[in-house]
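Novice: Just to be clear, the model below is a prediction. Sequence and coordinates:
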Amino acid sequence: MTVAIDGLRFDERGLIPAVVQQHDSGAVLMLAWMTADTLAETLERGQTVFWSRSRGERWHKGATSGNTQRVVEVVADCDGDVVLVRVDQTGAGACHTGAWSCFDRLVTPPDPASAPPAGRS
C-alpha cells in the first residue's frame, strides 16, 4: 500500500513527526519534524532533511557534522499523521550530543526523599 505526500496529515503548522529508525537493528535514533517540502526533498535526495522548529528553517541531517542518514524507506502510520524513516546512520551518531541515539537517558521514578510534603506541590 502506498500514500502520496499530499495524502498525509500535517498539523496546523504544516509539520509531521518523523521517527527515525536504524533499518537493520530497529534502534530508534531520533524524532524530528518534516514539512511536505522537506519530506519530498528527503525522498529525492535519499538522505534525511528535516524542519527545525527552533530555528524555523530546513536542515539536512549531517550537512555540517558528516553524520548523515541514508534513507532506506519511508512509511506512514495508519492515520497518515506520522512517518517512520528507516535509515542507515553513518558517522558517530544521530544525536547532536554525539550519541548514537537521542534516546539514551533512562527515565526513573522520582526520588521520594526529594518530593514535597503531602498536600504541597
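Specialist: Sure thing, it's come through.

Novice: Output the below-cut-off pLDDT ranges for this protein.
Specialist: The model of the chain has pLDDT under 70 over residues 115, 117-121.

Novice: Which residue ranges of this structure form helices?
Specialist: 36-45 (DSSP state H).

Novice: which residues touch the residue nearest the centre of the chain?
Specialist: Centroid-nearest residue in the chain, with Cα atoms, centre = their mean: residue 31, separated by 2.3 Å. Shown in contact with residue 31 (Cβ atoms under 8 Å, 6 or more residues apart in numbering): 17, 18, 19, 20, 102. Heads up, the C-betas are built off the backbone N, CA and C, glycines and all.

Novice: Which of those residues fall in strands?
Specialist: Members of the contacts of residue 31 lying in strands (criterion: DSSP state E): 17, 18, 19, 20.

Novice: mind putting those residues in CSV, distance to residue 112 included?
Specialist: Shown next, in CSV, are the ones in strands among the contacts of residue 31 (distance: Cβ to Cβ, whole Å):
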residue, distance to residue 112
17, 34
18, 38
19, 34
20, 36
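
Novice: ok, of the residues you listed, which come out buried?
Specialist: 18, 20 (16 or more other Cβ atoms under 10 Å).

Novice: Find the pair from the ones in strands among the contacts of residue 31 with maximum spatial separation.
Specialist: Within these, two members stand farthest from each other by Cβ to Cβ: 17 and 20, at 10.3 Å.

Novice: list residues touching both of these two?
Specialist: In contact with both residue 17 and residue 20: 31, 32, using Cβ under 8 Å, 6+ apart.
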